[in-house]
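In: Just the structure for this:
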Amino acid sequence: MAACADWSSLPSDLINRIADCLLATNDVDYYMDLRAVCGTWRSATADPKNNPDKRFYPSQWAVIDEVNYSPLDSKRRTRLLVNTATGRVLRKDLPMLRRYYVVTTTPGGFFVLADREPPHAACILNPFTGYLVRFMAPMVTDGVDAAAVYGHAAAPTLMLFCDSCRKLYMAETDSVSFDAYEDDKNTYPSRRLGVLGILYSGAEVSKKIFDLMLSFAVHPSEMLALSLFEPGHTNRCFLMESAGEMLMVMKLQHGMEVFKMDAHRGVFEPAKSIGNQAIFLGYRQCLSVNADKFPSIDANCIYYLKSLDPCDIYMYDLKDEKEERVSGGINTLNRLFLFDVEPPFTIIQLLSSYTINAWKSELQDEKMFEGLPDDVSGLSAYVEDLEFDGLSAYLEDLEFDD
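Out: A predicted model of the protein is given here:
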């Protein structure tokens, strides 16, 4: 009988080469699995917790909020994640979420949480390493529509964007509260898109962005349009990162214009091609994916939802400069009001939904119940204890007549 291979005896440099390949594609969960094989492999590789190496940050993942009958259907605490660079789709169980309110997720894949116990301190969770960064500041109770994390892994800065009240909140780990920045002179839209598109470009670059926008009759105050594209819509501007490049996408009434930033000269130049990338545009956030890794997605194309009857996904081919309808779109995450499309959803439908749809902050929902009379305020806790699986099956069997 042949002797079994002793994998634990692999040289440490070989183990680290394998680990580096996993981190190069941001497959941090695979890296964690590698470290769990044996003590030798674990001691040969770096511990990702409290590590300043940004390869351990989730950076290429989109956390897809799924269609359910209620946000409480997510009490199973599984989440659907898509690696935009490799095409890998992962359904990850995160039991740790049961102990926190889920507020939102960031582009890249961090979870923004709040303690369930008052004063509901803010937290950031890396879903792959399980590393949790705690903040002193209580989480804001306004509706949070987007978030960004930057800085050192152990002491990051958290930025929260609240579109309904046009406020930007910022806090460091030792801040006693979030600093609030009101919308003065309509700066919120440009600040939100600029920060989420690519963190702080600098004053000189910002001026060039605004000059280019004005040349297409896009006023900074109109950058953040909280609606889908409709016939006759105003020209809109989107800032985003795509395959390491800063892009500026102009969605015009007729057609698209894409500009790439020349980092050396600090100028934007017209781009007729985005290579093997595909872009998903939306007012909540934008997304760039490697189309070579998604067989159903066309490269050098831009996908977006149009607010028609029904809601449809359209694709704009940058080479041919033509627009065509792709399929019906997911216009809501509430299954009771989803009539135009049915699961299972395609990857194009899910990624398009990601750009416009997200369940509300669980903390915000909880605060809504606190102001209700005593005989109603207990409804929140009661509903959380319900098992929705039976209700879901019941509703699916119903016949709805006109």
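In: partners of residue 302 in the sheet?
Out: Under DSSP bridges, the beta-bridge partners of residue 302 are residue 279, residue 316.
In: Show the backbone phi and psi for residue 141.
Out: phi -100, psi 0 (degrees, to the nearest 10).
In: was I right about it contacting residue 365?
Out: No. Between residue 141 and residue 365 there is no contact under C-beta atoms under 8 Å: 10.5 Å. C-beta: built from backbone N, CA, C; applies to glycine.
In: who touches stretch 344-355?
Out: 62, 64-65, 67, 80, 82, 89, 280-287, 289, 294, 296-297, 303-305, 313, 326-330, 333, 341 (C-beta atoms under 8 Å, 6 or more residues apart in numbering).
In: Correction: the previous question concerned stretch 140-149.
Out: 103-108, 110, 112, 124, 156-165, 167, 169, 178, 180, 192, 195-196, 199, 284-285, 358, 360-361, 363-364, 367.
In: Which stretches in the stretch 201-350 of the chain count as strands?
Out: Secondary structure of the stretch 201-350 of the chain, counting by DSSP state E, counting those that start in this stretch: strands at 236-242, 245-251, 256-262, 267-270, 277-280, 287-290, 301-306, 312-317, 322-328.
In: Which of the helices or strands spans residue 42?
Out: Secondary structure here is read from DSSP states H and E; on that basis residue 42 sits in helix 39-44.
In: ok, now residue 13?
Out: helix 12-24.
In: in that helix, what's buried?
Out: In terms of neighbour count (16 or more other C-beta atoms under 10 Å), helix 12-24 has its buried residues at 15, 19, 22-23.
In: For the very next helix or strand once past that helix, the averaged confidence score.
Out: Toward the C-terminus, helix 12-24 is succeeded by helix 28-35 as the next helix or strand (DSSP H and E). The pLDDT scores in helix 28-35 average 96.
In: Dump the buried residues of helix 12-24 to TSV, plus pLDDT and distance to residue 37.
Out: Listed next are these as TSV, based on pLDDT from 0 to 100; distance: C-beta to C-beta, whole Å:
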residue	pLDDT	distance to residue 37
15	96	9
19	97	11
22	96	13
23	97	16
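In: Tell me the one of those nearest residue 55?
Out: residue 23 (4.2 Å; C-beta to C-beta).
In: where does this structure have low pLDDT?
Out: 1-5, 69-76, 184-187, 190, 193-206, 219-233, 308-309, 369-402 (pLDDT under 70).
In: What ranges does the stretch 51-200 of the chain have for its helices?
Out: 188-197 (DSSP state H, counting those that start in this stretch).
In: what about the strands in it?
Out: 61-64, 78-83, 89-93, 100-105, 111-115, 121-125, 132-138, 146-151, 156-162, 167-172, 179-181.
In: rewinding a little: make CSV from the strands of the stretch 201-350 of the chain and add mean neighbour count and distance to residue 11 to it.
Out: As requested, these are arranged in CSV below (neighbours: other C-beta atoms under 10 Å; distance: least, C-beta to C-beta, whole Å):
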stretch, mean neighbour count, distance to residue 11
strand 236-242, 22, 37
strand 245-251, 21, 37
strand 256-262, 18, 42
strand 267-270, 12, 47
strand 277-280, 25, 37
strand 287-290, 22, 32
strand 301-306, 23, 45
strand 312-317, 19, 48
strand 322-328, 14, 49
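In: so which of those strands comes closest to residue 174?
Out: Here strand 236-242 is closest among the strands of the stretch 201-350 of the chain (C-beta to C-beta), at 28.9 Å.
In: mind exporting that closest one as CSV, just the C-alpha atoms?
Out: Output of strand 236-242 as CSV, limited to C-alpha atoms (Å, rounded to 0.1, in the frame of the first residue of the first chain):
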residue,chain,number,x,y,z
ARG,A,236,-26.7,61.7,-15.2
CYS,A,237,-23.2,61.2,-14.1
PHE,A,238,-21.7,58.1,-12.3
LEU,A,239,-18.3,57.8,-10.8
MET,A,240,-16.9,54.4,-10.2
GLU,A,241,-13.8,52.1,-10.1
SER,A,242,-13.5,49.4,-12.7
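In: Packing partners of that strand?
Out: Applying 3 or more C-beta pairs under 8 Å, 6 or more residues apart in numbering; DSSP states H and E, one finds that strand 236-242 contacts helix 188-197, strand 245-251, strand 277-280, strand 287-290.
In: how about those, which one is nearest residue 217?
Out: strand 245-251 (10.0 Å).
In: Specify the angle between that closest one and strand 301-306 in degrees.
Out: 40 degrees (axes from the mean of the first three to the mean of the last three C-alpha atoms, to 10 degrees).
In: that older thread, can you list the strands of the stretch 201-350 of the chain in a markdown table and add distance to residue 132?
Out: Shown next, in a markdown table, are the strands of the stretch 201-350 of the chain (distance: least, C-beta to C-beta, whole Å):
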| stretch | distance to residue 132 |
| --- | --- |
| strand 236-242 | 26 |
| strand 245-251 | 31 |
| strand 256-262 | 35 |
| strand 267-270 | 39 |
| strand 277-280 | 29 |
| strand 287-290 | 26 |
| strand 301-306 | 34 |
| strand 312-317 | 36 |
| strand 322-328 | 38 |
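In: so how far is residue 166 from residue 182?
Out: Look at residue 182 and residue 166: by C-beta to C-beta, to the nearest Å, they are 7 Å apart.
In: When the two are compared, which one has more neighbours?
Out: More crowded of residue 182 and residue 166, by other C-beta atoms under 10 Å: residue 166, with 18 against 10.
In: residues touching that one, list them.
Out: 182-183, 188.
In: can we see that at 6 Å?
Out: With contact set as C-beta atoms under 6 Å, 6 or more residues apart in numbering, residue 166 has these partners: 183, 188.
In: can you tell me which residues contact residue 49?
Out: So, once contact is read as C-beta under 6 Å, 6+ apart, residue 49 ends up touching residue 131.
In: Could you rerun that using 10 Å?
Out: 56, 126, 129-132, 153-154 (C-beta atoms under 10 Å, 6 or more residues apart in numbering).
In: Fine by me, thanks again.
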